[in-house]
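Asks: Following is a predicted model, sequence given first.
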Amino acid sequence: MAVSRPPPRARWATCALALLTAAAVVVPTAVADPKKPARKRPPKASVATCAFFDQVDREDEAVDLVIDNRCDAKLSCSVSWTLLCAPGTRKAQRFQRGAQFPLDRLASQATTASATECGNDGWVIDDVVWQCKPEPRPEP
(Lines give C-alpha, C1' and ligand atoms only; values in the text may rest on other atoms or scores of the structure.)
Protein backbone atom coordinates (compact mmCIF):
# COMPACT_ATOMS: atom_id res chain seq x y z
CA MET A 1 0.00 0.00 0.00
CA ALA A 2 1.35 3.38 -0.82
CA VAL A 3 -0.47 6.59 -0.20
CA SER A 4 1.31 9.77 -1.15
CA ARG A 5 1.07 13.51 -1.38
CA PRO A 6 3.34 15.36 -3.82
CA PRO A 7 5.25 18.45 -2.74
CA PRO A 8 3.07 21.61 -2.58
CA ARG A 9 4.58 23.03 -5.80
CA ALA A 10 2.93 20.28 -7.87
CA ARG A 11 -0.55 20.98 -9.24
CA TRP A 12 -1.54 17.38 -9.63
CA ALA A 13 -2.16 14.61 -7.15
CA THR A 14 -0.87 11.10 -7.24
CA CYS A 15 -1.89 8.12 -5.27
CA ALA A 16 -0.31 4.73 -5.73
CA LEU A 17 -1.76 1.81 -3.85
CA ALA A 18 -0.12 -1.49 -3.15
CA LEU A 19 -1.03 -3.80 -0.34
CA LEU A 20 1.14 -6.39 1.25
CA THR A 21 -0.89 -8.46 3.61
CA ALA A 22 -0.01 -11.36 5.73
CA ALA A 23 -2.21 -13.45 7.93
CA ALA A 24 -0.53 -15.84 10.30
CA VAL A 25 -2.16 -19.05 11.33
CA VAL A 26 -1.01 -20.87 14.42
CA VAL A 27 -2.04 -24.51 14.68
CA PRO A 28 -1.53 -25.94 18.14
CA THR A 29 -0.04 -29.41 18.34
CA ALA A 30 -0.95 -31.91 20.99
CA VAL A 31 0.56 -35.15 22.17
CA ALA A 32 -2.03 -37.94 22.14
CA ASP A 33 -2.63 -39.77 25.40
CA PRO A 34 -2.83 -43.48 24.53
CA LYS A 35 -5.27 -44.08 27.45
CA LYS A 36 -7.86 -41.62 26.16
CA PRO A 37 -9.90 -42.16 23.00
CA ALA A 38 -9.22 -39.66 20.25
CA ARG A 39 -11.72 -36.83 20.13
CA LYS A 40 -12.86 -35.70 16.72
CA ARG A 41 -12.85 -31.96 16.30
CA PRO A 42 -14.25 -30.01 13.40
CA PRO A 43 -11.53 -28.37 11.31
CA LYS A 44 -10.68 -24.84 12.42
CA ALA A 45 -11.06 -21.99 9.98
CA SER A 46 -7.86 -20.28 8.98
CA VAL A 47 -7.40 -16.73 10.27
CA ALA A 48 -6.85 -15.74 6.64
CA THR A 49 -10.51 -16.60 5.92
CA CYS A 50 -12.04 -14.60 8.77
CA ALA A 51 -9.75 -11.60 9.45
CA PHE A 52 -9.81 -8.75 6.94
CA PHE A 53 -7.74 -5.64 6.24
CA ASP A 54 -8.87 -2.34 4.74
CA GLN A 55 -7.59 1.20 4.46
CA VAL A 56 -9.69 4.33 4.81
CA ASP A 57 -8.19 7.57 3.50
CA ARG A 58 -8.80 10.53 5.77
CA GLU A 59 -9.21 14.14 4.69
CA ASP A 60 -6.17 15.18 6.68
CA GLU A 61 -2.71 13.73 6.11
CA ALA A 62 -3.51 10.25 7.37
CA VAL A 63 -4.85 6.81 6.52
CA ASP A 64 -6.77 4.51 8.87
CA LEU A 65 -5.51 0.93 8.67
CA VAL A 66 -8.41 -1.27 9.76
CA ILE A 67 -8.38 -4.93 10.79
CA ASP A 68 -11.78 -6.63 11.11
CA ASN A 69 -12.06 -9.86 13.12
CA ARG A 70 -14.90 -12.09 11.93
CA CYS A 71 -13.30 -15.16 13.51
CA ASP A 72 -14.78 -17.16 16.38
CA ALA A 73 -11.75 -16.42 18.55
CA LYS A 74 -9.96 -13.42 20.02
CA LEU A 75 -6.92 -12.47 17.92
CA SER A 76 -3.56 -10.89 18.57
CA CYS A 77 -2.88 -8.49 15.68
CA SER A 78 -0.20 -6.12 14.48
CA VAL A 79 0.14 -3.64 11.64
CA SER A 80 3.30 -1.83 10.52
CA TRP A 81 4.18 0.69 7.80
CA THR A 82 6.89 2.99 6.53
CA LEU A 83 6.47 6.78 6.36
CA LEU A 84 8.74 8.52 3.87
CA CYS A 85 8.88 12.33 4.07
CA ALA A 86 10.15 14.42 1.12
CA PRO A 87 10.71 11.41 -1.19
CA GLY A 88 13.22 11.94 -3.97
CA THR A 89 14.91 14.90 -2.26
CA ARG A 90 18.07 15.37 -0.21
CA LYS A 91 16.01 15.92 2.92
CA ALA A 92 14.12 12.63 2.58
CA GLN A 93 13.50 10.87 5.90
CA ARG A 94 12.15 7.35 6.51
CA PHE A 95 10.28 6.31 9.66
CA GLN A 96 9.10 2.82 10.68
CA ARG A 97 5.78 2.80 12.54
CA GLY A 98 3.48 0.12 13.90
CA ALA A 99 0.98 -1.04 16.49
CA GLN A 100 0.04 -4.28 18.25
CA PHE A 101 -3.30 -4.98 19.87
CA PRO A 102 -5.71 -7.74 20.93
CA LEU A 103 -8.86 -7.91 18.84
CA ASP A 104 -12.04 -9.41 20.27
CA ARG A 105 -14.13 -11.67 18.08
CA LEU A 106 -16.54 -9.85 15.79
CA ALA A 107 -14.74 -6.51 16.38
CA SER A 108 -12.54 -4.19 14.36
CA GLN A 109 -9.61 -1.91 15.21
CA ALA A 110 -8.34 1.10 13.27
CA THR A 111 -4.75 2.33 13.55
CA THR A 112 -3.98 5.74 12.07
CA ALA A 113 -0.91 6.09 9.86
CA SER A 114 -0.25 9.83 9.90
CA ALA A 115 2.07 12.00 7.80
CA THR A 116 1.79 15.16 9.92
CA GLU A 117 5.45 15.01 10.95
CA CYS A 118 6.39 15.58 7.29
CA GLY A 119 5.04 19.13 7.50
CA ASN A 120 4.59 20.70 4.06
CA ASP A 121 6.86 18.20 2.33
CA GLY A 122 5.51 15.44 0.13
CA TRP A 123 5.07 12.04 1.76
CA VAL A 124 4.46 8.35 1.11
CA ILE A 125 2.99 5.72 3.43
CA ASP A 126 4.20 2.37 2.14
CA ASP A 127 5.20 -1.19 3.07
CA VAL A 128 2.02 -1.86 5.06
CA VAL A 129 2.08 -5.31 6.67
CA TRP A 130 -0.60 -6.74 8.94
CA GLN A 131 -0.73 -10.01 10.81
CA CYS A 132 -3.19 -11.72 13.14
CA LYS A 133 -3.05 -14.98 15.04
CA PRO A 134 -5.40 -16.59 17.56
CA GLU A 135 -4.70 -15.66 21.17
CA PRO A 136 -3.93 -18.71 23.28
CA ARG A 137 -6.84 -19.89 25.37
CA PRO A 138 -6.30 -19.71 29.13
CA GLU A 139 -5.59 -23.00 30.83
CA PRO A 140 -8.44 -24.27 33.04
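Replies: Yes, it's here.
Asks: And the strands in this protein?
Replies: 3-5, 51-57, 62-69, 75-85, 93-103, 107-114, 123-134 (DSSP state E).
Asks: Least reliable of the ones you listed by average pLDDT, please.
Replies: Here the lowest mean pLDDT among the strands of the chain goes to strand 3-5, at a mean of 58.
Asks: coming back round to it: in JSON lines, list the strands of the chain along with mean neighbour count.
Replies: For every residue, glycine as well, the C-beta is placed using N, CA and C. Listed next are the strands of the chain as JSON lines, based on neighbours: other C-beta atoms under 10 Å:
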{"stretch": "strand 3-5", "mean neighbour count": "19"}
{"stretch": "strand 51-57", "mean neighbour count": "16"}
{"stretch": "strand 62-69", "mean neighbour count": "19"}
{"stretch": "strand 75-85", "mean neighbour count": "20"}
{"stretch": "strand 93-103", "mean neighbour count": "14"}
{"stretch": "strand 107-114", "mean neighbour count": "17"}
{"stretch": "strand 123-134", "mean neighbour count": "21"}
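Asks: What's the separation between residue 97 and residue 125?
Replies: 9 Å (C-beta to C-beta, to the nearest Å).
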